[in-house]
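>>> Task: produce atomic coordinates for the following.
(2 chains)
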Amino acid sequence: MTGEARAVAALFGLMLCASTPLLYCHGTIYEVLTGGVVGIRASFDTGEPMASARVLIFAPGETEKYYETKTDRNGIVCFSPDRKGMWVIQVLAEGGHGLRVNLPVDSSMSAQQRAESASGSSYLQKIIMAIVVAWGFIATGLFFSRKRGKQ
Amino acid sequence: MRVNRMSLLLWLILSLSYFSFAGGQKQEVEGDTTLQAPSSRTGTIIFTANGEDFVRKGFIDRQGWSISFDRLYINLLDPTAYMSSGQRAVLKGAYWVDLAAGDDEAEPVEIGRLSEIPAGNYQALKFKIRKKSSGSFQGCSMVLIGRAEKKALSVPFIIKLEEEMDFDGREGYVGEELKGMLLPGKVTSVEMTFHFDHIFGDREAAADDHINTGSVGFDFFNQFAQNGKVDLCQSEMKKAARYDTLVRAIWSLGHLGEGHCAVANQSSAGELKE
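Next comes the predicted model:
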C-alpha cells in the first residue's frame, strides 16, 4: 500500500471512530403519533410495547406534574394540551425501564412530527454526514481502481 | 468516473471540517461550587449522586445473600449537564462520593452546584468514572464496603474496583420528578443514578430477568474470601469465571433515574472476550 493510501485509510478510520455511536444497554424507543392526536407510542427496543406503564406529563414552563396516566396495551398515551410549547412526557415501566420525551406543541395544539432529541445533531446534519461518508467510500474505491488501471 | 487527487483531498478537508463542527456551536459554562446571586434569566443547577434504596437499605441478591453497605465510594469526574442546543454547565473536578451516606431515608448526595446558569432544559447529563489519584483507596474508581449474610454466614467485604468509563445520559432523567428543567431565578437538580443491583442481581426479580442473568451475585466475590472476609481488588478477579459478566455489569451501572446512559471509553474494553 502506498503512503498516500495509508494516510487515506487512517483518516477514514479516524472519522469512522468519531462517528461511531456509543454502546447502549437495553433501551426504549418511541414514535410521535400522527392523525390529529397528541401523544406517543412507547416501546422497548425489542419492539414490545411499554404497556400499562405509568406516565407523568409536564406542561411547558412547569416543573410540577401536570397530569398522570398510563399507556394502553399498545404503549400509546395521548393527552390534550392546553397551551403551546415544549411538553415533557416521562414513561416509567416495570423492571426499571423508562423514557423521557420532549414533545413540542404548536399554537394549533398539534404536536410537531419530530420530537426534540438531546443528541445535538439535527436530522439534516445526520443526512449530510451519511452522504459525506458514503461519498468517501466511493471516491476512495475509484481512486485506487484508477491507480490499478494505470499499472 | 474519474476522480483525481485534488477532488479527494477537497472531500477530506470538507468532511473533517464538517465533522468538527457538526455538534453545533457549544457554549460552555464552568464553575466551582461557590454560590452567586442569580440574575433574571439564570438559575442554579444542583448536581447529585444516588445509589437508591439498594445502597441505602440493602437488598437480597440473586443467590439469596442479604447485602448491606456501610460505605459505597465512587469517584466522579466533571459531571456536565447539557441542552440539545449545546449549552453546557460543567461542574469541574473529581468528586469522591459516598452513596451510602446518611440513613435509610437520606436524599441523593449533593456533589456541588453551579449558579448563574442560563435558563433552559438541561435534561442530558454526562459524567466520568476515574481512579482516585491520591489518598486512601488511591487507584480505585469505586469501593464497596459492607456485609453479606446468608443463613448462618456473615461475610464482611471490601471490593475495590478499578474500572474507568464515561457515561452519557442524553435521553434524560426518567423518574417521579422533572429534573434539569431550569427556569429563570429557580433551582433545579440533575442526578447521576447508580444501579448496583446490576452487579449482584435481585431475588425479587425473575431468574431469567436480565437483572439476574447479567449479574454475578455475591458468590462471585465470596470465592475469594479468606478467614471469613472478602477484601480484594478488581485486578485479582481477572482470571475468575464470569469476570467478563462482572465488568459488563459495571458498565451498566450509570443511569439518570430509570433513564439509560450510553457508556464509552471503558478501561477493560480491550480485555474482554467477544
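>>> quick check: longest strand of chain B.
Ranked by residue count and defined by DSSP state E, the top strand of chain B is strand B:66-82.
>>> Relative to B:L144, how far out is the residue of the stretch 101-250 of chain B found nearest chain A?
Closest residue of the stretch 101-250 of chain B to chain A, C-beta to the nearest C-beta: B:V174 (3.5 Å). In short, each C-beta sits where N, CA and C put it, glycine included. Relative to B:L144, B:V174 is positioned 25 Å away (C-beta to C-beta, to the nearest Å).
>>> more crowded one of those two?
Here B:V174 and B:L144 are set side by side on neighbour count (other C-beta atoms under 10 Å in any protein chain shown), and the busier one is B:V174, at 28 against 24.
>>> The more buried one against A:R100, yeah?
Yes - here B:V174 reaches A:R100: they are 5.0 Å apart, a contact under C-beta atoms under 8 Å.
>>> between the two, what contacts are shared?
Listed as contacting both B:V174 and A:R100 by C-beta atoms under 8 Å, 6 or more residues apart in numbering or on different chains are A:Q90, A:V91, B:G259.
>>> how deep is the last one tucked in, by neighbour count?
The reference is to B:G259. Look at B:G259: counted by other C-beta under 10 Å, it has 26 neighbours.
>>> For it, name its beta-bridge partners.
Per DSSP bridges, residues listed as beta-bridge partners of B:G259: B:L256.
>>> shouldn't it be in contact with B:R170?
No - using C-beta under 8 Å, B:G259 is not in contact with B:R170, being 9.2 Å away.
>>> returning to that earlier point: next one: the longest strand of chain B to chain centre, how far?
Using C-alpha atoms, centre = their mean, to the nearest Å, the distance from the centre of strand B:66-82 to the centre of the chain it belongs to is 7 Å.
>>> which bits of the stretch 51-200 of chain B sit near chain A?
Taking C-beta under 8 Å from any C-beta of the partner chain as the test, the list of the stretch 51-200 of chain B residues beside chain A reads B:82-86, B:121, B:123-124, B:168, B:170-178, B:181, B:183, B:186, B:188, B:195.
>>> Show me where chain B has its helices.
Under the criterion DSSP state H, chain B carries helices at the ranges B:5-21, B:52-56, B:197-200, B:210-213, B:217-222, B:243-251.
>>> wait, I meant chain A
The residue ranges that make up the helices of chain A, judged by DSSP H, are A:3-19, A:123-150.
>>> If you average pLDDT over each of those, which is lowest?
Lowest mean pLDDT of those: helix A:3-19, a mean of 52.
>>> and the residue nearest to the residue of the stretch 101-250 of chain B closest to chain A when sequence neighbours are not counted, what pLDDT?
In this structure, B:V174 finds its nearest non-sequential neighbour in A:G98, 3.5 Å apart by C-beta to C-beta, 6 or more residues apart in numbering or on different chains. Note for A:G98: predicted pLDDT of 90.
>>> same thing with A:V77?
Turning to A:V77, the model gives it a pLDDT of 96.
>>> Count residues in the vicinity of B:A207, would you?
Neighbouring residues of B:A207 were enumerated by other C-beta under 10 Å; the total is 9.
>>> residue contacts, it?
Contacts for B:A207 were tallied using C-beta under 8 Å, 6+ apart; they are B:R62, B:T213.
>>> now with 10 Å?
Counting by C-beta atoms under 10 Å, 6 or more residues apart in numbering or on different chains, B:A207 makes contact with B:R62, B:G201, B:T213.
>>> May I have the phi/psi pair for the first one?
I take that to be B:R62. Summarising the backbone geometry of B:R62 under the convention degrees, to the nearest 10, its torsions are phi -60, psi -20.
>>> What is the neighbour count of B:S134?
B:S134 has 8 neighbouring residues, counting by other C-beta under 10 Å.
>>> Who are the contact partners of it?
With C-beta under 10 Å, 6+ apart, B:S134 has these contacts: B:A94.
>>> Let me see the contact set for B:T42.
Taking C-beta under 10 Å, 6+ apart, we find B:T42 in contact with B:29, B:36, B:114-120, B:182, B:184-186.
>>> try it again with 7 Å
With contact set as C-beta atoms under 7 Å, 6 or more residues apart in numbering or on different chains, B:T42 has these partners: B:E116, B:I117, B:P118, B:A119, B:P184.
>>> For beta bridges, what are the partners of it?
The residues that B:T42 bridges to, once DSSP bridges is applied, are B:P118.
>>> mind checking how far it is from chain A?
Applying C-beta to the nearest C-beta, to the nearest Å, one obtains 16 Å for the distance of B:T42 from chain A.
>>> From A:F58, how far off is that residue?
The span separating B:T42 from A:F58 equals 21 Å under the rule C-beta to C-beta.
>>> And A:A139, by the same measure?
48 Å.
>>> the strands in chain A, which residues?
Counting by DSSP E, the segments of chain A that form strands are A:28-32, A:39-44, A:54-58, A:67-70, A:76-78, A:85-93, A:97-105.
>>> Same question for the stretch 51-200 of chain B.
Taking DSSP state E, counting those that start in this stretch to define them, one finds strands in the stretch 51-200 of chain B at B:59-60, B:66-82, B:88-91, B:94-98, B:109-118, B:120-121, B:124-129, B:142-150, B:153-161, B:165-169, B:181-182, B:187-194.
>>> Surely A:A59 touches A:K65?
No - when contacts are counted by C-beta atoms under 7 Å, A:A59 is not listed as touching A:K65 (9.1 Å).
>>> between the two, which one's more packed in?
Neighbours were counted for A:A59 and for A:K65 using other C-beta under 10 Å; A:A59 has more, 19 against 14.
>>> need the contact list for that one.
Contacts for A:A59 were tallied using C-beta under 7 Å, 6+ apart; they are A:Y66, A:R83, A:W87.
>>> Mind checking which of those are buried?
Among the contacts of A:A59, the ones that count as buried by 16 or more other C-beta atoms under 10 Å in any protein chain shown are A:Y66, A:W87.
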